[in-house]
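Peer 1: Structure, please.
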Amino acid sequence: MSENDNLQDADGKQEKDTQVTEANSNTPNDETLDATIESEATEQIEDVKEEAPEESTETEQEDVKEEAIEDHVEEIDASNAEDAEDESNAERHLLEEKDYHAMSLDQLASEFESLLKHQKIQTIKSHVNQIKSEFNSKYSALVDEKKEEFVSKGGNPIDFYYSSDVKKRFNSAYKDYRNSISSYYKDLENTLKANLQNRIEIIEEIKGLLNVEENINTTYKHFKELQEKWRNAGPIPRDKYNNAWNSYHHHVERFYDFLHLNRDLRDMDFKHNLENKIKIIDRAEELAKDDNINRSFRELQVLHKMWKEELGPVAKEHREEIWQRFSAATKIIHDKRQTYYADLDKAYEGNLVKKEEIIASIDAVTGDNGNSHQSWQKKIKTVESLREDFFNAGKVPLKVNEATWAKFKEAVRGFNRKKNAFYKGLKKEQYENLQKKMDLIKVAEDNKNSEDYDTVTPLMKKIQSDWKKIGHVPRRDSDKIWKRFKDACNHYFDRLHAERKAADKEFYDNFDKKQAMLTELKDFKFSKKPEDDIAALKEALINWKTIGKVPYQKRFIDGKFYKTIDGLFDKLKMDKSKVEMIKFENKLETLSNPDNTASLDNERNFIRKKIDEISSEINQLENNLQFFSNVDDDNPLVKEVHNNIKKHRDNLSVWREKLKKIKELY
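Peer 2: Down below sits the predicted model:
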């Protein structure tokens, strides 16, 4: 049977005992009513034995057989007893079964509020109990986690307090539920007891018919009126339901036995009851073939209610037979239902295996030795995913539910303890880093207005470098201290640049002039006379040098200029060696410095190296010609070697001319 099946509460005490008050002290209590029904039934049985014909003893024996209720019938009777208190109780079977275990705290609170708003209060007890259990478990785990986090930050456990909006919502909903269910049972209590008293009086009247000296037809009519009155007598307490109905049926059957003197009336009722009970049996046997377990069980409850509440007895020769058929069909449905829940338990066992694996995975993540902020962030995401998987894994067997939940909470708690210990140590390191950066801020702010640029500039560059080497600081301080440090450094370097720009105004003017000249040179138009173009380019070189120096950081413009000039010389339509020498002379002018000959020395060494390389190449080619001593000079291969030698000799003469020119500068 399902752990959430309301049949286990069919005695009607669990909810009522907590809700029903002693409002009407003058009304007989439950024990008195039970005793009344039982004593009345016993007394009436004894009376019938005395007054009824001998066949009543045999009939009574048949009744005992029918009333020897088996478990599968008792389950149906118990559920019908619960529904009998209030016809709306049956609506509890229609409520959707949801997996509350997979819901978050917010979802559980919303589901609770929805039940209160849209369902009748007496139908939601089972769902409310499940929601309450899941909510309390999850909220308890959350509070434990918050408490550990509080303590890990240095808080005293005695000072810990935690509250949340979702808890307030849940408490408010539960308070509304308690008030509503209490009010419902207070209103119901008096009605149920009054109805029960009325039914006892009806039984007493039926009992009295056996002793009435009047026309049998008049007595039978009175009996039928009492039956109709019984059907309309209203609901009674669930824990009195079976006793009351059994007593009623007992006296009804005694009355029919009393009617042996007028068998026509009795047999007419017996026939009607038999026909309808066979219809009920036929339907029950159809339900026994239905694979929808819950649907067939709920309809079977209705059939048992009709059998018990709406139909009277049948002839004794049919009683055992039809009851056995009805009981057999009931047992088939009962057994299929038990098998269904057994299979459900197997599924729960599978869910238990999944949850055990998830718990083991959380333990494995906790045991991982990764101890950096990045690795912990990754582990936190992994555990959050595993937590979600745990809640979505489904229900486990009820007997291990609490133990599994406790094991899961301990695994998560162990992870959180280790995580909090890491971040507690990290916070300590971050506060140390914060102090280091505050020291650098003090240096920057103390020197931001200094005019000792030669001393302070290297210092400011150093503290900027030191800042980058210091690790993280607490997040709440990061942006604030960075802004202070950056503002102080920017303030100093803005002053430094303004000072230098004012001192180097002439250099910046030179840069602007050279920029304009370079732009103009890029649009240079060649004439038809190379000599005129050479003169123009040389004049450009002279003008460039005349402009003067530019700021240190803008010296790249000279490289751009000489690259542009060289490109223009390469486009001249004249002897390439002459062009090469013109370009070299321009280069020498840039390298010439009376105070420092290092650049000239490097260039001279480079030229000598090139001369040696070309001379060596020429010698190699001339040696190669010796292999072709018997080959005509018109041979293509020989001609190619001679051309290469000529090309290298022309190139060698240019490099020798360059060496001559550079020597003249010493």
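Peer 1: Residue for residue, what is the longest helix this structure has?
Peer 2: What stands out as the longest helix in the chain, according to DSSP state H, is helix 316-367.
Peer 1: quick one: average pLDDT of that helix?
Peer 2: Mean pLDDT, helix 316-367: 87.
Peer 1: Can you report how many residues neighbour Lys331?
Peer 2: By other Cβ atoms under 10 Å, the residues close to Lys331 number 15. C-beta coordinates here come from the backbone N, C-alpha and C atoms, glycine included.
Peer 1: what's the spacing between it and Gln338?
Peer 2: In this view, Lys331 and Gln338 are 10 Å apart by Cβ to Cβ, to the nearest Å.
Peer 1: Over to Glu657?
Peer 2: Per Cβ to Cβ, Glu657 is found 114 Å from Gln338.
Peer 1: before we move on, what about Ser375?
Peer 2: According to Cβ to Cβ, Ser375 stands 51 Å off from Gln338.
Peer 1: Over to Leu541?
Peer 2: Using Cβ to Cβ, Leu541 is found at 108 Å from Gln338.
Peer 1: so Glu384, which of the three states?
Peer 2: Here Glu384 is recorded as helix under DSSP: H, G, I helix; E, B strand; the rest coil.
Peer 1: burial of it, as a residue count?
Peer 2: Glu384 has 10 nearby residues by other Cβ under 10 Å.
Peer 1: so what pLDDT did it get?
Peer 2: 89.
Peer 1: what residues are up against it?
Peer 2: Applying Cβ atoms under 8 Å, 6 or more residues apart in numbering to Glu384 gives no contacts.
Peer 1: Without its sequence neighbours, what residue ends up closest to Val166?
Peer 2: Excluding its sequence neighbours, the residue lying closest to Val166 (Cβ to Cβ, 6 or more residues apart in numbering) is Leu105, at 4.8 Å.
Peer 1: So which bits of the helix or strand where Phe270 lies are buried?
Peer 2: Assigned by DSSP states H and E, Phe270 belongs to helix 263-287. Neighbour counts over helix 263-287 (16 or more other Cβ atoms under 10 Å) mark 265-266, 269-270, 273-274, 276-277, 280-281, 283-284, 287 as buried.
Peer 1: Where does pLDDT dip in the stretch 101-250 of the chain?
Peer 2: The model of the stretch 101-250 of the chain has pLDDT under 70 over residues 152-154, 212-213.
Peer 1: now the helices for it?
Peer 2: Taking DSSP state H, counting those that start in this stretch, the helices of the stretch 101-250 of the chain run over residues 105-118, 125-152, 165-208, 216-231, 238-258.
Peer 1: Tabulate those helices (CSV), appending mean neighbour count and distance to Glu506.
Peer 2: Putting the helices of the stretch 101-250 of the chain into CSV (neighbours: other Cβ atoms under 10 Å; distance: least, Cβ to Cβ, whole Å) gives the following:
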stretch, mean neighbour count, distance to Glu506
helix 105-118, 17, 72
helix 125-152, 17, 65
helix 165-208, 17, 71
helix 216-231, 15, 119
helix 238-258, 22, 108
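Peer 1: contacting residues around stretch 389-403?
Peer 2: With contacts defined as Cβ under 8 Å, 6+ apart, stretch 389-403 is touched by 3, 99, 101-103, 345, 347-349, 351-352, 354-355, 358-359, 404, 408.
Peer 1: Weed out the non-buried ones from the residues you listed.
Peer 2: Among the contacts of stretch 389-403, those scoring as buried are Glu3, His101, Met103, Asp345, Tyr348, Asn351, Leu352, Lys355, Ile358, Ile359, Thr404, Phe408 (criterion: 16+ other Cβ under 10 Å).
Peer 1: With respect to Phe507, which of those is nearest?
Peer 2: Distance to Phe507 across these (Cβ to Cβ) is lowest for Ile358, with 71.7 Å.
Peer 1: Look up how far Glu384 lies from the nearest residue to that closest one once chain neighbours are set aside.
Peer 2: Excluding its sequence neighbours, the residue lying closest to Ile358 (Cβ to Cβ, 6+ apart) is Phe390, at 4.8 Å. Note on Phe390: its distance to Glu384, by Cβ to Cβ, is 11 Å.
Peer 1: on that earlier part again, which other helices and strands does the helix holding Phe270 contact?
Peer 2: For helix 263-287, the packing partners by 3 or more Cβ pairs under 8 Å, 6 or more residues apart in numbering; DSSP states H and E come out as helix 216-231, helix 238-258, helix 293-309, helix 316-367.
Peer 1: Distance to Ser172 added to the ones you listed, as a markdown table?
Peer 2: Compiled in a markdown table, those are given as follows (distance: least, Cβ to Cβ, whole Å):
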| stretch | distance to Ser172 |
| --- | --- |
| helix 216-231 | 43 |
| helix 238-258 | 30 |
| helix 293-309 | 33 |
| helix 316-367 | 32 |
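Peer 1: For Asp494, find the nearest of these.
Peer 2: Proximity to Asp494 (Cβ to Cβ) singles out helix 316-367 among the helices and strands packed on helix 263-287, at 50.6 Å.
Peer 1: All the strands of the stretch 501-650 of the chain, in order from the start?
Peer 2: Counting by DSSP state E, counting those that start in this stretch, the stretch 501-650 of the chain has no strands at all.
Peer 1: Tell me, please, where in it the pLDDT is lower than the cut-off.
Peer 2: Within the stretch 501-650 of the chain, the segments meeting pLDDT under 70 span 574-575, 592-596, 629-631, 633.
Peer 1: Using the three-state scheme, assign the residue most central in space within the chain.
Peer 2: Central residue of the chain (Cα atoms, centre = their mean): Glu388, 5.6 Å from the mean position. Following three-state DSSP, Glu388 is assigned to helix.
Peer 1: Pull out the buried positions in stretch 370-386.
Peer 2: Residues of stretch 370-386 classed as buried: Trp376, Lys379, Thr382, Val383, Leu386 (neighbour count, 16+ other Cβ under 10 Å).
Peer 1: May I see those residues arranged in TSV, with distance to Lys224 as well?
Peer 2: Listed next are those as TSV, based on distance: Cβ to Cβ, whole Å:
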residue	distance to Lys224
Trp376	82
Lys379	79
Thr382	75
Val383	72
Leu386	69
